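In: task: produce atomic coordinates for the following.
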Amino acid sequence: MSENSAENDLCRATALLEQGHREDGLQALSSILVNYGDWLKTADGRVVYEAVQVQRAFSLMHLQRNLEAKPLLEEATRFELDADVRRDVHCHLGRCYHELAFYTLAREQFEQANALGISEEWEAVFHYYYGYTLYELKEFQRAKREFILCLQSGPSGPEATLRYSMLAATSRKLGEPSEAASFEERAKSLKR
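Out: Modelled structure (predicted):
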């Protein structure tokens, strides 16, 4: 009884998230933990528990509740996950650490995600935040490479003005004033 009910509740919660009802979906996921807590601790319930925790973590990140997402994402790195979900966990945790200014930890997560291969939908966001993390760690040459890859990844992700602004800042740090000025001009032209 618990297994089917928990899986049905998980499907309903996931549907809410997919429809953009993040708060409602997050509440539904939290309810699963309360309503099926004992069963989720069993070997049979483990898969549902892990799916609930991963979805909760991703939802909290989308809601920019990084401090709440952090322990869930850290826990999820220890789950037995498919490679694509594992990659997304590392991407989210890298972004979470970046937002919390834990740049060394962020770099480690981004490197793990990169080793698994970045999905097309994540590329622009991944390269931007990985580059920004490297910038904060004063690894300017590597940061510049990531910002260029971010620009080449298409229109999704951060606005082009942000990308060019970070390229300008990185070029200045690398002692490339003419490139910095060129990137700065591109950023300004996009704001007009």
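In: show the pLDDT at Ser2.
Out: At Ser2, the model reports a pLDDT of 67.
In: now the residue nearest the centre of the chain. Nearest residue, chain neighbours left out?
Out: When CA atoms, centre = their mean is applied to the chain, the residue found nearest the centroid is His92 (2.5 Å). Excluding the flanking residues, the one nearest His92 by CB to CB, 6 or more residues apart in numbering is Met61, at 5.1 Å. C-beta: built from backbone N, CA, C; applies to glycine.
In: so what's that neighbour up against?
Out: 69, 73, 92, 95-96 (CB atoms under 8 Å, 6 or more residues apart in numbering).
In: again, but for His98
Out: 106, 129, 132-133, 136.
In: let's see 7 Å
Out: Residues counted as contacts of His98 (CB atoms under 7 Å, 6 or more residues apart in numbering) are 106, 129, 132-133.
In: just among those residues, which is most surrounded?
Out: Counting neighbours by other CB atoms under 10 Å, Thr133 leads the contacts of His98 with 27 neighbours.
In: so which strand or helix has the closest residue to it other than its chain neighbours?
Out: Spatially, and ignoring its direct neighbours in sequence, Thr133 is nearest to Ala106 (4.5 Å; CB to CB, 6+ apart). According to DSSP states H and E, Ala106 maps onto helix 103-116.
In: could you give me the average pLDDT of that helix?
Out: 97.
In: next up, phi/psi of the nearest residue to Arg107 once chain neighbours are set aside, please.
Out: Nearest non-adjacent residue to Arg107, counting by CB to CB, 6+ apart: Thr133, 5.3 Å away. Phi and psi for Thr133, reported as degrees, to the nearest 10, are phi -60, psi -50.
In: Thr133 contacts Glu108, doesn't it?
Out: No. Counting by CB atoms under 7 Å, Thr133 stays clear of Glu108, with 9.8 Å between them.
In: any idea which element Ile118 lies in?
Out: Residue-wise, Ile118 maps onto no helix or strand under DSSP H and E.
In: wait, isn't it in contact with Phe126?
Out: Yes. Counting by CB under 7 Å, Phe126 is a contact partner of Ile118 at 5.0 Å.
In: look at these two and report which has more neighbours.
Out: Neighbour count, other CB under 10 Å: between Ile118 and Phe126, Phe126 has more, with 25 against 22.
In: ok, now how distant is that one from Ala181?
Out: 28 Å (CB to CB, to the nearest Å).
In: try Arg142
Out: In this view, Arg142 and Ala181 are 22 Å apart by CB to CB.
In: can you pull the buried residues of the helix or strand where the residue nearest to the centre of the chain lies?
Out: Using DSSP H and E, the element containing His92 is helix 83-99. With burial defined by 16 or more other CB atoms under 10 Å, the residues of helix 83-99 counted as buried are 86-99.
In: can I get those residues in a markdown table with pLDDT and distance to Asn8?
Out: Shown next, in a markdown table, are the buried residues of helix 83-99 (pLDDT from 0 to 100; distance: CB to CB, whole Å):
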| residue | pLDDT | distance to Asn8 |
| --- | --- | --- |
| Arg86 | 95 | 26 |
| Arg87 | 95 | 28 |
| Asp88 | 95 | 24 |
| Val89 | 96 | 24 |
| His90 | 97 | 30 |
| Cys91 | 95 | 29 |
| His92 | 96 | 26 |
| Leu93 | 97 | 29 |
| Gly94 | 97 | 33 |
| Arg95 | 96 | 31 |
| Cys96 | 97 | 30 |
| Tyr97 | 98 | 34 |
| His98 | 97 | 36 |
| Glu99 | 96 | 34 |
